[in-house]
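*Asks:* Sharing a sequence plus its predicted fold:
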Amino acid sequence: MQLLLKSVDFAARAHRDQRRKGPAQEPYINHPIEVSRLIVECEPDTHVDILCAAILHDVIEDCGATRDEIAACFNDAVADIVLEVSDDKALPRDERKAMQIETAPHLSDAAKLVRLADKVANVGAMLTDIPVGWDERQILGYVHWAEAVVAPCRAVSNGLSDRFDAIARDVRAFHQQEKAEV
Ligand code: ZN
């Protein structure tokens, strides 16, 4: 519990100036908290290192934290999972997205769990808090891409895979219906 709250504190400070992309402009920290909540709801026996890594999953990518810093504050296991799920921001966006598909099959099971829950949360936002300025083509494209990233991660959690499928189906139904009405 202590380690988990320490990770929430660390991530909240790291993301303090960031907001989610939706119109609600939610504090960014709501996202990693949702990701770790999804994991523990679907896989209640998940090790605390993985839940901490879920809370910290964007601090290298978005906040410039380093693997060594996380290892020093937490432990090597947490740091390695966070590093595994961090995109290389030096690469252009399209390349980063392609890399996520390429690397997904080679992730550790712990990283796959974080990756899967991350996509459940992000695809869910396409219903509840759609990124400002995104059109339906981008939204449906995102769902399609997320499915490709998730495919090799599914075996680590049936519960999260089912949630992903249900949400992807709802997002498609909602946005395709919108298209039909235009
Ligand atoms: Zn995320």
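*Replies:* Ah, there it is.
*Asks:* Identify the spatial nearest neighbour of Ala155, chain neighbours not counted.
*Replies:* Leaving aside its chain neighbours, Ala155 sits nearest to Lys112 (7.8 Å; criterion: Cβ to Cβ, 6 or more residues apart in numbering). In this view, the C-beta of every residue, glycine as well, is placed from N, C-alpha and C.
*Asks:* Wait, the one you found touches Ala104, no?
*Replies:* Yes. Lys112 is within contact range of Ala104, at 7.4 Å (criterion: Cβ atoms under 8 Å).
*Asks:* just to revisit the earlier point, secondary structure element for the residue nearest to Ala155?
*Replies:* Take DSSP states H and E as the rule and Lys112 turns out to sit in helix 109-128.
*Asks:* distance between that helix and the chain's centre?
*Replies:* 4 Å (Cα atoms, centre = their mean, to the nearest Å).
*Asks:* Any buried residues in that helix, and which?
*Replies:* Using 16 or more other Cβ atoms under 10 Å as the test for burial, helix 109-128 gives 110-126.
*Asks:* Closest to the centroid, which residue in the protein?
*Replies:* Nearest residue to the geometric centre of the chain (Cα atoms, centre = their mean): Asp118, 2.2 Å.
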